[in-house]
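Asks: Here is my input; please provide its structure:
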Amino acid sequence: SPSPTPRHFTLNFTLTNLPYSTDLEAPTSRKFISTVKVINHYVSLALVLPILCYGHNLNLPALNPGAHLTFALRSGRNKDDTGVDAVCSYNGSLARFDREKIYHELSTMTNGVTKLGHYSLEKNSLYVNG
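Replies: As a prediction, this is how the structure comes out:
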């Protein structure tokens, strides 16, 4: 049988309490690595991957290893904000992608798009595209 088609969706949001600096663009910088580690923890474990990989059933015990996130950090609209662009790649057979459902879940899990762990979010910055 043919292997499942790899798929992806993008997730964008802005952190308002992480001042942007150019070393956040360099994937090998200590600041990028430490920032992405924290963001990845919150986004992948608490938000995106359980929804996607479990077909919206959040009671399963472990993430599917066929899905992963990659990040890019950029300057936000305000010079003191940091924009986050995440791409989630996943095995196309895992679940039906429902962009509206994922947006709603992310909105709920981030307290109305205001908090992601210790980061503050720009209220209207969440965007899911699939």
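
Asks: Quick one: name whatever helix or strand follows the lowest-mean-pLDDT helix or strand in the chain.
Replies: Using mean pLDDT, DSSP states H and E, the weakest-scoring helix or strand in the chain turns out to be helix 48-53, at a mean of 54. Sequence-wise, the next helix or strand downstream of helix 48-53 (DSSP states H and E) is strand 68-75.

Asks: Just the CA atoms of the next helix or strand after that following strand, as CSV, please.
Replies: Scanning forward in sequence from strand 68-75 by DSSP H and E, the next helix or strand is strand 82-91. Taking C-alpha atoms only, strand 82-91 is exported to CSV below (Å, rounded to 0.1, in the frame of the first residue of the first chain):
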residue,chain,number,x,y,z
THR,A,82,8.1,38.8,18.4
GLY,A,83,6.1,37.0,15.7
VAL,A,84,6.0,33.2,15.7
ASP,A,85,5.5,31.2,12.5
ALA,A,86,5.1,27.5,13.1
VAL,A,87,4.6,24.8,10.6
CYS,A,88,3.2,21.5,11.7
SER,A,89,4.0,18.6,9.5
TYR,A,90,2.0,15.4,9.9
ASN,A,91,1.2,12.1,8.4
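
Asks: Can you list the strands that strand 82-91 pairs with?
Replies: strand 6-15 (antiparallel), strand 68-75 (antiparallel) (DSSP bridges).

Asks: So what touches the shortest one?
Replies: Same thing as strand 68-75. Identification of contacts with strand 68-75 by Cβ atoms under 8 Å, 6 or more residues apart in numbering yields 20, 24-25, 32, 35-36, 39-40, 43-44, 48-49, 81-90. (C-beta placed from N, C-alpha, C; glycine too.)

Asks: repeat that for 6 Å
Replies: Applying Cβ atoms under 6 Å, 6 or more residues apart in numbering, the external contacts of strand 68-75 come out as 20, 24, 36, 44, 82-83, 85-89.

Asks: and if you look at the first one?
Replies: For strand 6-15, the surrounding residues in contact (Cβ under 6 Å, 6+ apart) are 76, 81-90, 92, 119, 121-122, 125-130.
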